[in-house]
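K.L.:
sequence? don't have it. structure:
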């Protein structure tokens, strides 16, 4: 009987086990059978059902498929910010079009890529401005600023953003000249101030900055874009920093203002630069005669080429070296004649005679000058040139090997091409007059400048006072 009871109990336990197991599988079947699938989503058009699946489905692929069909902007924003899978979040933000929700996602989403994707879809300037100022993520602020067009908001970012890169993007987007000038003068970031100046084109605003900005580099940047000649002259004379003064004088072209800078500036380098930019011969002559600094006078003299002005300097300059240097540059034979005969300073008269090369004019000086020393110097100069003429004729004709005969074929001679020439005892006769002044190396006189005065087909040699200038040796070809 006991054995029977044990058998009955065993059967009961086995029966219970199978019952529980069957129930478990039935429950599991029900649960699995009820879980939404991709096919379920494909068949569903109801937005509330899709919303439930998008928020509750365990399979992220199913959630993503549901989000692809969602249109509810609030729900899409929620998914974009909270779904645990990036693939689902990105589909949600891609489906968003509502600017307010996009702004919310751009600021609040934890996923940086989602935030940036939201910014890229934003077009509302007010929202963009809000994000540009309030977003904690630098990259989000930067991306937002790239889309901003509101000039006031861009100026605010350029002045106040904590990140230099964002500030620079804001300046780059600015075009409003008044706001750029404000940034150039007030921004704490020196690089931002300079960047603002580089974008300025308004000459009035640039002038104000060039004069008033406290930052030397900002003034310098403004000067480099400034065209106002009067203001450039003012800066060249008055600015407290040498680089700014130099930049200003380098942009000056107005001759009267350059002369003014030469006189008024205290900076020697600025004055020298101004002189080197001068071309007005009368102004240069005035500086040579009146300036107190010798290197300024000599720099101005170096720019003088006008023969009448050189004559004025040779007579009026207080500095003897300057007067003599002016005489060295005089080549006008009639001016030299006048100086040789009429100049009050004996040194000037004698130097004029030394520079005379015209034989006829020398003969007049030798005859008409009241000063006996000047007359003697004129005769000596005539003799020296006769000797030189014989040497040049002898040397060059010997090299050519054609003494007393005509040579043909465009031979190069004394720096110019002639079709025909022949050598005589004291001169070289030419058939054309195309010879130019040149330099010739002589045994007696060294390297000298030598030119030709032509009369019909004949020539007369003459020597200018350049015997000490040793340039390249003349080679007869």
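P.N.:
Structure's in. What do you need? Owing to the predicted nature of the structure, the values given are computational and were not obtained by experimental measurement. Residues are numbered from 1 along each chain as shown.
K.L.:
in three-state terms, label residue 379 for me.
P.N.:
What DSSP: H, G, I helix; E, B strand; the rest coil gives for residue 379 is helix.
K.L.:
neighbours of the closest residue to it other than its chain neighbours, how many?
P.N.:
Spatial nearest neighbour of residue 379, chain neighbours left out: residue 366 (4.8 Å); criterion: CB to CB, 6 or more residues apart in numbering. Placement of C-beta: from N, CA and C, glycine included. Residue 366 has 19 neighbours, counted by other CB atoms under 10 Å.
K.L.:
where does pLDDT dip in this protein?
P.N.:
For the chain, the stretches with pLDDT under 70 are 1-34, 383-477.
K.L.:
which residues does residue 140 contact?
P.N.:
106, 107, 112, 115, 116, 119, 131 (CB atoms under 8 Å, 6 or more residues apart in numbering).
K.L.:
any buried residues in stretch 349-362, and which?
P.N.:
Under the neighbour-count criterion of 16 or more other CB atoms under 10 Å, stretch 349-362 has 349-359, 361-362 buried.
K.L.:
let me have those in a markdown table, extended by distance to residue 265.
P.N.:
Below are the buried residues of stretch 349-362 laid out as a markdown table (distance: CB to CB, whole Å):
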| residue | distance to residue 265 |
| --- | --- |
| 349 | 37 |
| 350 | 38 |
| 351 | 33 |
| 352 | 35 |
| 353 | 40 |
| 354 | 37 |
| 355 | 35 |
| 356 | 40 |
| 357 | 41 |
| 358 | 43 |
| 359 | 48 |
| 361 | 43 |
| 362 | 45 |
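K.L.:
between the residues you listed, which is nearest residue 237?
P.N.:
residue 351 (37.2 Å; CB to CB).
K.L.:
any idea which of the buried residues of stretch 349-362 is closest to residue 338?
P.N.:
Checking the buried residues of stretch 349-362 against residue 338 by CB to CB gives residue 352 as the nearest, at 8.1 Å.
K.L.:
helix or strand next in line after the strand or helix carrying residue 63, which one?
P.N.:
Here residue 63 is covered by helix 60-69, with elements defined by DSSP states H and E. Under the assignment DSSP H and E, the closest C-terminal helix or strand after helix 60-69 is helix 73-82.
K.L.:
check which element follows that next one along the chain.
P.N.:
Once the chain leaves helix 73-82, the next helix or strand it forms, by DSSP H and E, is helix 86-95.
K.L.:
give the buried residues for that following helix.
P.N.:
Those buried within helix 86-95 under the rule 16+ other CB under 10 Å are 88, 89, 90, 91, 92, 93, 94, 95.
K.L.:
closest one to residue 277 out of those residues, please.
P.N.:
Using CB to CB, the buried residues of helix 86-95 come closest to residue 277 at residue 93, 61.8 Å.
K.L.:
which non-adjacent residue is nearest that closest one?
P.N.:
That would be residue 80: by CB to CB, 6+ apart, it lies 4.4 Å from residue 93.
K.L.:
that neighbour: how many residues sit nearby?
P.N.:
Per other CB under 10 Å, the neighbour tally for residue 80 reads 29.
K.L.:
go on, residue 174?
P.N.:
20.
K.L.:
go on, residue 227?
P.N.:
11.
K.L.:
that one contacts residue 203, doesn't it?
P.N.:
Yes - in this structure residue 227 lies within contact range of residue 203 using CB atoms under 8 Å: 6.1 Å.
K.L.:
hang on, the earlier thing: output the contacts of residue 140 as JSON lines; include the columns distance to residue 166.
P.N.:
Formatted as JSON lines, these follow (distance: CB to CB, whole Å):
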{"residue": "106", "distance to residue 166": "15"}
{"residue": "107", "distance to residue 166": "15"}
{"residue": "112", "distance to residue 166": "15"}
{"residue": "115", "distance to residue 166": "15"}
{"residue": "116", "distance to residue 166": "14"}
{"residue": "119", "distance to residue 166": "13"}
{"residue": "131", "distance to residue 166": "12"}
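K.L.:
now intersect the residues you listed with the strands, please.
P.N.:
Among these, no member falls in strands (DSSP state E).
K.L.:
quick check: the residue sitting nearest the centre point of the chain vs residue 185, distance?
P.N.:
By CA atoms, centre = their mean, the chain has its centre lying nearest to residue 224, at 8.7 Å. The spacing between residue 224 and residue 185, counted by CB to CB, to the nearest Å, is 17 Å.
K.L.:
equivalent analysis for residue 376, please.
P.N.:
Distance from residue 376 to residue 185, by CB to CB: 73 Å.
K.L.:
who has more neighbours, those two?
P.N.:
residue 185 (18 against 14).
K.L.:
what's the helix or strand harbouring residue 152 in contact with?
P.N.:
Assigned by DSSP H and E, residue 152 belongs to helix 151-160. By CB under 8 Å, 6+ apart, the residues outside helix 151-160 that reach it are 125, 128-129, 132-133, 141, 145, 148, 166-167, 170-171, 173-176, 179, 182-183, 186-188, 192, 196.
K.L.:
now list the buried members of the residues you listed.
P.N.:
With burial judged by 16+ other CB under 10 Å, the buried subset of the contacts of helix 151-160 is 128-129, 132, 141, 145, 148, 166-167, 170-171, 173-174, 179, 182-183, 187, 192, 196.
K.L.:
among these, name the ones in helices.
P.N.:
128-129, 132, 141, 145, 166-167, 170-171, 173, 179, 182-183, 192, 196 (DSSP state H).
K.L.:
residue boundaries of the helices in the stretch 201-350 of the chain?
P.N.:
For the stretch 201-350 of the chain, the helices defined by DSSP state H, counting those that start in this stretch occupy 203-212, 216-225, 229-238, 242-250, 255-264, 268-277, 281-290, 294-303, 307-316, 320-329, 333-342, 346-355.
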